[in-house]
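# Quick one, what's the 3D model for this:
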Amino acid sequence: MNKGTKEIGIGILVGIIANTFGTLVYILLFSDLGIEATFKAAIAQGYLGSLLALGAILNLAAFFGFLRLKRDLRARGVLIATLLTAIIILVYKFI
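Numbering: from 1, shown residues only. Below you'll find the model as predicted:
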């Protein structure tokens with residue numbers, strides 16, 4: 001594995017972690033239900049995609065942080081993770 005691939009992989013991992021953490025923070029701050037109950041309600045009511053999209057906002061901080069630190073390949077990885085999240089939301093909405 002070359003250095004570029006490793007840097008992009010780190011960026012993807014950071015993007016996935018940031019998205020997960022952002023979703024959990026949103027649930028804990030703005031939901032009266034617990035984490036599991038919120039996910040079940042989101043699936044039942046059809047707003048799981050919106051919940052994941054709100055969690056992806058934290059990817060902005062990771063993306064611009066990597067750009068500021070001149071870690072362009074890691075920023076590219078975060079962008080790829082964000083696009084993967086968008087594709088998952090799109091597939092979920094239409095299936």
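
# In contact with the residue sitting nearest the centre point of the chain, which residues?
Most central residue of the chain, judged by C-alpha distance to the mean C-alpha position with C-alpha atoms, centre = their mean, is residue 19 at 2.5 Å. If you count contacts by C-beta atoms under 8 Å, 6 or more residues apart in numbering, residue 19 has them with 52, 55, 56, 58, 59, 81, 82, 85. Any C-beta I mention is one placed from the backbone N, CA and C, and that applies to glycine too.

# C-terminal to the top helix by length along the chain, what's the next element?
In the chain, ranked by residue count with DSSP state H as the criterion, the top helix is helix 3-30. For helix 3-30, the succeeding helix or strand toward the C-terminus, using DSSP states H and E, is helix 35-45.

# Using CSV, write out the CA atom coordinates for that next one.
As requested, C-alpha coordinates have been extracted for helix 35-45 and formatted as CSV (Å, rounded to 0.1, in the frame of the first residue of the first chain):
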residue,chain,number,x,y,z
ILE,A,35,-30.1,6.1,21.0
GLU,A,36,-31.7,2.7,20.1
ALA,A,37,-35.2,4.1,20.4
THR,A,38,-34.3,7.1,18.2
PHE,A,39,-32.9,4.8,15.5
LYS,A,40,-36.0,2.6,15.6
ALA,A,41,-38.3,5.6,15.4
ALA,A,42,-36.2,7.1,12.5
ILE,A,43,-36.6,3.8,10.6
ALA,A,44,-40.3,3.5,11.4
GLN,A,45,-41.1,7.1,10.4
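
# what does stretch 71-79 rub up against?
The set of residues external to stretch 71-79 that reach it, using C-beta under 8 Å, 6+ apart, is 4, 7-15, 18, 59, 62-64, 66-67.

# now the closest residue to residue 20 other than its chain neighbours: how far from residue 11?
Excluding its sequence neighbours, the residue lying closest to residue 20 (C-beta to C-beta, 6 or more residues apart in numbering) is residue 55, at 6.9 Å. Relative to residue 11, residue 55 is positioned 17 Å away (C-beta to C-beta, to the nearest Å).
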